[in-house]
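# please find the sequence and the predicted model below.
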Protein chains: 2
Amino acid sequence: MKDKLKRNSRKPGFGDEITHVLEPYFVKTRFNAGRILWREGESAGKMVSIVTGKVKIFRPLPDGKQAAIYIFGPGDMFGFLPFIDGSPYPASAETIEETLALVMTREKLRTVMKQHPDVAFLLLEHLGKRLRGAFDQIERLSTRGVLPKIAAALHSLSIDIGQRAPSVIISLPASSREYASLVGLTPESFSRGITRLADMGIIHRLQNNSYQILNPESLAQEAGYHV
Amino acid sequence: MKDKLKRNSRKPGFGDEITHVLEPYFVKTRFNAGRILWREGESAGKMVSIVTGKVKIFRPLPDGKQAAIYIFGPGDMFGFLPFIDGSPYPASAETIEETLALVMTREKLRTVMKQHPDVAFLLLEHLGKRLRGAFDQIERLSTRGVLPKIAAALHSLSIDIGQRAPSVIISLPASSREYASLVGLTPESFSRGITRLADMGIIHRLQNNSYQILNPESLAQEAGYHV
DNA sequence: ACGTCCGATTGACCGCAATCAATGCACAAA
DNA sequence: TTTGTGCATTGATTGCGGTCAATCGGACGT
């Protein structure tokens, strides 16, 4: 099942393409860390393209915790769903770092879409990426066992980097706490899983939530890509 | 959080609208139960609009099981993602009943989209619905506890029906086994949860995987919509 | 009516991950 | 240096849900 391995390979430069088309209509804005951009259920809001920083998309859970759905970084564009189907935001957005972003209002996007019909197609492609990411999330959450979840997550991080060389170094796109939530685990279980992977000699702990992948094959195997 | 309650309310007649526009280009096709329409990773495929029957969308898991993502029924249209972003299907599709459906090939959809640019917008709205559904799935899978998952699932089924009257009757859109997979549980745990809800006097068991909701408020509370 | 088959339900058991709690560690402020 | 603070890691414990297995019950065919 080699398909699975490159399922999420990025198309480099794509985000830049649409950002370039829309650039004249964007307004550069700075957000503090921990700033709520919008909450689920709200209709008013903004379309965002991150320049620097990190934003997490999440749903609050009944027990007061949060389920992280995406963690977006530089180059990612999002927040346009309410603009195209008129429904409220399906999830909340919060900066997890100080973030510099390009922002567009609802009205401006509508006028742009009338002038440039191609924009609709570009948004379609973006939505498609979001849907694929959500499917990956569903698969991870449905998988039993800590190691498969973590291994799959680290594996997809490594292919996002795209380095094929041995001893790839990856950094979590967020704090261990946030990332554990994205993987569907408590921070403690995530840490234990990392420890086990390290004991197996598959990865090596580095500073600042970074890891070195010593044995990509074993990592893929733990992730379940063995069949 | 009343927003949450109607987050998935359907827009009746919408599916009919786009189906009507595309109708001349569809080919009516019959599929046996258990027929694989496509597998994840494949690029070639078809866009499908169900007339009668049921189709499940799923990802195979490392342990050989499956994670159900959607269960589609009459009026639902899907399978167009590869046509708009050129990437392979992100999940597999299989009929779980004998199904009669309207089918369109990739090339035909492309030509239609050139003649009718509006179709792109309609597909955008459809994609949006898919994304919202995936988010709901992620929230359910992230929620701890059997009762919240089942209660949330039954609750959203009841609001799909739209009946506000007391003693709403809902039927699972699929077998208990399939539906449990959609909720993220084993069939056994699902059954136990249903039993507990029945013992609490919140629902009442009927024939054929149907249930009567005796106490909608308690159901919503168990689902976590109490705040 | 009887037997077969398949799915749903219930029972018994236990492994695993969440929970609660403590310790370690890096970094910033005093 | 010392103190404080936030996060990551490790330890000890328990409860929940998965697994395996048995039973039940309806649909269907002969």
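Sure thing, it's come through. Residues are numbered from 1 along each chain as shown, chains lettered A, B, ... in the order given.
# in which helix or strand would I find A:L100?
Using DSSP states H and E, A:L100 sits in strand A:99-105.
# neighbouring contacts of that strand?
A:19, A:22-23, A:25-31, A:33, A:35, A:46-55, A:112 (C-beta atoms under 8 Å, 6 or more residues apart in numbering or on different chains). For the C-beta atoms, the positions are set from N, CA and C on the backbone; glycine is no exception.
# between the helix or strand just after that strand and strand A:99-105, how big is the angle?
Sequence-wise, the next helix or strand downstream of strand A:99-105 (DSSP H and E) is helix A:106-115. For helix A:106-115 against strand A:99-105, the angle by axes from the mean of the first three to the mean of the last three C-alpha atoms, to 10 degrees is 70 degrees.
# what are the buried residues along helix A:106-115?
A:108-109, A:113 (16 or more other C-beta atoms under 10 Å in any protein chain shown).
# what's the answer for stretch A:48-66, then?
Those would be A:48-51, A:53-62, A:66, for stretch A:48-66 by 16+ other C-beta under 10 Å.
# distance check, A:G64 against B:G224.
10 Å (C-beta to C-beta, to the nearest Å).
# how about A:G224?
From A:G224 to B:G224 the distance is 30 Å (C-beta to C-beta).
# identify the residues contacting the helix or strand A:E217 falls within?
Take DSSP H and E as the rule and A:E217 turns out to sit in helix A:216-222. With C-beta under 8 Å, 6+ apart as the test, helix A:216-222 has contacts from A:5, A:147-148, A:151, A:154-155, A:158, A:166, A:168, A:197, A:200-203, A:213, A:226.
# now the two most distant members of the residues you listed.
Greatest spatial distance among the contacts of helix A:216-222 (C-beta to C-beta): A:P148 and A:P166, at 23.0 Å.
# which entry within the contacts of helix A:216-222 corresponds to the minimum pLDDT?
Lowest in pLDDT among the contacts of helix A:216-222 is A:L5, which has 43.
# before we move on, back to that, buried ones among the contacts of helix A:216-222?
By 16+ other C-beta under 10 Å, the contacts of helix A:216-222 give A:147-148, A:151, A:154-155, A:158, A:168, A:197, A:202-203, A:213 as buried.
# of the residues you listed, which is the nearest to DNA strand C?
Comparing the buried ones among the contacts of helix A:216-222 against DNA strand C with C-beta to the nearest atom of the strand places A:L147 closest, at 7.3 Å.
# I'd like to know how far the nearest residue to that closest one once chain neighbours are set aside sits from B:G53.
Distance criterion C-beta to C-beta, 6 or more residues apart in numbering or on different chains; nearest residue to A:L147, sequence neighbours excluded, is A:E222 at 5.1 Å. According to C-beta to C-beta, A:E222 and B:G53 sit 38 Å apart.
# and the helices in chain A?
Assigned by DSSP state H, chain A shows helices spanning A:2-5, A:14-22, A:81-85, A:106-115, A:118-142, A:146-161, A:176-183, A:187-199, A:216-222.
# now distance to B:G86 too, for those, in a markdown table please.
Formatted as a markdown table, those follow (distance: least, C-beta to C-beta, whole Å):
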| stretch | distance to B:G86 |
| --- | --- |
| helix A:2-5 | 15 |
| helix A:14-22 | 11 |
| helix A:81-85 | 20 |
| helix A:106-115 | 21 |
| helix A:118-142 | 8 |
| helix A:146-161 | 19 |
| helix A:176-183 | 27 |
| helix A:187-199 | 35 |
| helix A:216-222 | 26 |
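# nearest to DNA strand C, of these?
Of all these, the one in closest proximity to DNA strand C, counting by C-beta to the nearest atom of the strand, is helix A:187-199 (2.9 Å).
# just checking, what packs against the closest one?
helix A:146-161, helix A:176-183, strand A:203-205 (3 or more C-beta pairs under 8 Å, 6 or more residues apart in numbering or on different chains; DSSP states H and E).
# quick one: strands adjacent to the last one?
Pairing partners of strand A:203-205, with direction, according to DSSP bridges: strand A:210-213 (antiparallel).
# where does pLDDT dip in chain A?
By pLDDT under 70, the low-scoring segments of chain A are A:1-19, A:162-166, A:226-227.
# residues in it within reach of DNA strand D, list them.
A:144, A:175-177, A:187-188, A:190-192, A:194-195, A:205, A:209 (C-beta under 7 Å from any atom of the strand).
# near DNA strand C, which of these show up?
A:144, A:188.
# closest to B:E42 among the residues of chain A next to DNA strand D?
Closest to B:E42, out of all of those and judged by C-beta to C-beta, is A:R144, at 26.4 Å.
# thought the closest one was touching A:G224?
No - with contact defined as C-beta atoms under 8 Å, A:R144 does not reach A:G224; the gap is 10.3 Å.
# quick check: neighbours shared by the two?
Residues touching both A:R144 and A:G224 (C-beta under 8 Å, 6+ apart): B:D63.
# okay, the two: which has more neighbours?
More neighbours surround A:G224 than the other of A:R144 and A:G224, with 23 against 10 (other C-beta atoms under 10 Å in any protein chain shown).
# so that one touches B:P62, yeah?
Yes - A:G224 lies in contact with B:P62 (C-beta under 8 Å); the separation is 2.4 Å.
# give me the distance between A:A67 and B:F31.
Taken as C-beta to C-beta, the span from A:A67 to B:F31 is 35 Å.
# revised request: answer the last question for A:K108.
Taking C-beta to C-beta, one finds A:K108 at 45 Å from B:F31.
# A:H116 too?
With the distance defined as C-beta to C-beta, A:H116 ends up 40 Å from B:F31.
# compare those two and say which is more crowded by neighbours.
Ranked by neighbour count (other C-beta under 10 Å), A:H116 and B:F31 place B:F31 first, with 20 against 13.
# beta partners of that one?
Listed beta-bridge partners, B:F31: B:T99 (assigned using DSSP bridges).
# would you confirm that it contacts B:E97?
No - contact criterion C-beta under 8 Å: B:F31 and B:E97 do not qualify, at 9.2 Å.
# would TSV of the helices and strands packed on helix A:187-199 with distance to B:E125 be doable?
Output for the helices and strands packed on helix A:187-199, formatted as TSV (distance: least, C-beta to C-beta, whole Å):
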stretch	distance to B:E125
helix A:146-161	29
helix A:176-183	27
strand A:203-205	43
